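[1] coordinates only, sequence not included:
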């Protein structure tokens, strides 16, 4: 075990972080919601799904109204048979309480300023929140902590800072390694869902022990470093001043970080009180592991599962290249309803089709950079694939070109700003026109995304790709 103080002060402190690069326009509103990351807050680029130009995901199964059976004891309410949303369970484990403080109220007003951006932020939790909440509950921690990735990364596993923090929980490289989150050219455990969440929960437990159960000081230490918070406590005590979080002299980033989490928890506890609306996120597993039985091209894996590669990367952000790591892990996380299709298709896939390659015969005048441009891949990928120590190549020899590689495959989500996918349950009185106006999209787009006709029914689930800047 690694002492929390040793971990935190190594490279997780505030001075190692940097505000996001300057952005203009309405995107700042979204950033105000998602930023504040403890462990290297950085560029909050869009790593989620949903550009209208991309393949349209399968329409979610509509929830059909259930016929009430007069002879059944369960016929009194069909709503009880609907899948439960996760927000109720999340609220049930809140322990930090509603804290009224000007800094918290300021963060709540930020959320209220752009309801679409808030809803998009919370919609991005869908692939991860069930797993994170289970881990937090298993450790008997306040369930408000399950919302920390909203503050850290905006629930985007591909987010990284200029200083190198990465993943849902924004661990710096050295801290990640000390917590067992190894990183190499192929794979970065900091960007995985399961391993990074386990490390974050362990880290929070140790910090909370160090700060005698004070959760606000613990959260401040997660952001600024335990040494920074400990020093502020000692300085306040020496001056005879209070040592609670609100009274400590801490970095400005930390002064906002803790209130930001408290504000999110307050809104989740009672969104209607603040004029905000939570997206539908069901209280059931979103993903499960599928065995790949060896290295596989991620584009091939996505095709086998019947899903866009961007969707696959949302759950498998640890993979940094066009294919999984040659030495493993030999598994991918997939939506639970894609597992059977993937495994059946994989079983009949010829071994030579697991990876996509092309052989290039080196001609006089060729260079790695020219060849890389020709095939739209990176120089580093060609070097790695051919075991080259440098960029020198010889005419007459052959090179293996990894065709699936590109500079923006596994990292595409960190460099693209696109619409955010969310689910909306149709309410009484809704129409396609009403929903389109509400989310500032077109009726034609709603029809295309959901393959619906003119009419929709209350209770039906509609997929909407919203512009967080709208």
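    Right, received. Where do you want to start? Bear in mind that the values here come from a model prediction, so they are computed numbers and not experimental data.
[2] now do the domain split for the chain, please.
    Listed domain ranges for the chain are 4-52+84-274, 357-403 (source: automatic domain parsing).
[3] and those, which is most packed in?
    By mean neighbour count, with neighbours taken as mean count of other CB atoms under 10 Å, domain 4-52+84-274 ranks first of these at a mean of 20. Quick note: C-beta positions are derived from backbone N, CA and C, even for glycine.
[4] could you pull up the mean pLDDT of it?
    Throughout domain 4-52+84-274, pLDDT has a mean value of 83.
[5] same question for stretch 457-470.
    Computed over stretch 457-470, the average pLDDT equals 72.
[6] show me how far that stretch is from its chain's centre.
    Averaging C-alpha positions (CA atoms, centre = their mean, to the nearest Å) puts stretch 457-470 19 Å from its chain's average.
[7] circling back to that earlier point, I'd like the domains of the chain as a markdown table, with distance to residue 340 appended.
    Output for the domains of the chain, formatted as a markdown table (distance: least, CB to CB, whole Å):
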| stretch | distance to residue 340 |
| --- | --- |
| domain 4-52+84-274 | 19 |
| domain 357-403 | 28 |
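[8] how far away is the residue lying closest to residue 447 once chain neighbours are set aside from residue 458?
    In space, and not counting its chain neighbours, residue 447 is closest to residue 432: 7.0 Å by CB to CB, 6 or more residues apart in numbering. Distance of residue 432 to residue 458, computed by CB to CB, to the nearest Å: 13 Å.
[9] ok, residue 238 next?
    If you go by CB to CB, the gap between residue 238 and residue 458 works out to 63 Å.
[10] circling back: need phi/psi at the residue nearest to residue 447.
    Residue 432 adopts backbone torsions of phi -60, psi -40, taken as degrees, to the nearest 10.
[11] quick one: residue 250 and residue 232 touch, right?
    Yes. Assessed by CB atoms under 8 Å, residue 250 is found in contact with residue 232 at 5.5 Å.
[12] shared neighbours of those two, anything?
    Among the neighbours of residue 250, none is also in contact with residue 232 (CB atoms under 8 Å, 6 or more residues apart in numbering).
[13] all helices of the stretch 251-400 of the chain, in order?
    Using DSSP state H, counting those that start in this stretch, the helices of the stretch 251-400 of the chain run over residues 252-269, 298-305, 309-315, 339-347, 368-375, 379-386.
[14] distance to residue 126 added to those, as TSV?
    TSV is the format used below for those (distance: least, CB to CB, whole Å):
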stretch	distance to residue 126
helix 252-269	14
helix 298-305	17
helix 309-315	10
helix 339-347	17
helix 368-375	36
helix 379-386	32
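[15] of all the domains of the chain, which lies closest to residue 335?
    Of all those, it is domain 4-52+84-274 that lies closest to residue 335, at 8.1 Å by CB to CB.
[16] so the residue positioned nearest the centre of the chain, which of the three states?
    Centroid-nearest residue in the chain: residue 156, 2.7 Å away (criterion: CA atoms, centre = their mean). Following DSSP: H, G, I helix; E, B strand; the rest coil, residue 156 is assigned to coil.
[17] pretty sure it is touching residue 123, no?
    No. Counting by CB under 8 Å, residue 156 sits too far from residue 123 to count as a contact (11.7 Å).
[18] first-to-last residue distance for stretch 275-287?
    31 Å (CA to CA, to the nearest Å).
[19] next: stretch 391-400.
    14 Å.
[20] quick one: mean pLDDT over that stretch.
    89.
[21] what residues does it touch?
    357-364, 366-369, 371, 379, 382-383, 385-386.
[22] now stretch 348-368
    294-297, 299-300, 304, 323, 371, 375, 379, 382-383, 385, 388, 391, 393-404.
[23] for this structure, which segments count as strands?
    With DSSP state E as the criterion, the chain has strands at 287-291, 331-335, 357-361, 398-402, 420-425, 461-466.
[24] sheet partners, orientation included, of the third one?
    Strand 357-361 sits in its sheet next to strand 398-402 (antiparallel), going by DSSP bridges.
[25] TSV for the strands of the chain, including distance to residue 220?
    Below are these laid out as TSV (distance: least, CB to CB, whole Å):
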stretch	distance to residue 220
strand 287-291	32
strand 331-335	32
strand 357-361	50
strand 398-402	45
strand 420-425	30
strand 461-466	33
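[26] so which of those strands comes closest to residue 447?
    Taking CB to CB, strand 461-466 is the member of the strands of the chain nearest to residue 447, at 10.3 Å.
[27] tell me what angle the closest one forms with strand 420-425.
    150 degrees (axes from the mean of the first three to the mean of the last three CA atoms, to 10 degrees).
[28] what packs against strand 461-466?
    With contacts taken as 3 or more CB pairs under 8 Å, 6 or more residues apart in numbering; DSSP states H and E, strand 461-466 sits against helix 115-123, strand 420-425, helix 432-439, helix 443-450.
[29] worst average pLDDT in the ones you listed?
    strand 420-425 (a mean of 74).
[30] surely residue 297 meets residue 322?
    Yes. Counting by CB under 8 Å, residue 297 touches residue 322, with 6.4 Å between them.
[31] my read: residue 465 touches residue 440, true?
    No. At 10.9 Å, residue 465 and residue 440 do not qualify as touching, with contact defined as CB under 8 Å.
[32] tell me which of these two has more neighbours.
    residue 465 (23 against 12; other CB atoms under 10 Å).
[33] how close does the more buried one sit to residue 445?
    Distance from residue 465 to residue 445, by CB to CB: 7 Å.
[34] surely residue 442 is in contact with residue 436?
    Yes. Assessed by CB under 8 Å, residue 442 is found in contact with residue 436 at 5.9 Å.
[35] which one of these two has more residues nearby?
    residue 436 (17 against 13).
[36] what is the burial count for the nearest residue to that one once chain neighbours are set aside?
    Excluding the flanking residues, the one nearest residue 436 by CB to CB, 6+ apart is residue 443, at 4.8 Å. By the criterion of other CB under 10 Å, residue 443 has 15 neighbours.
[37] pretty sure residue 443 is touching residue 433, no?
    Yes. If you go by CB under 8 Å, residue 443 and residue 433 touch, sitting 5.9 Å apart.
[38] give the buried residues for stretch 319-333.
    Using 16 or more other CB atoms under 10 Å as the test for burial, stretch 319-333 gives 319, 320, 321, 322, 323, 324, 325, 329, 330, 332, 333.
[39] wait, residue 203 touches residue 219, no?
    No. Counting by CB under 8 Å, residue 203 sits too far from residue 219 to count as a contact (11.6 Å).
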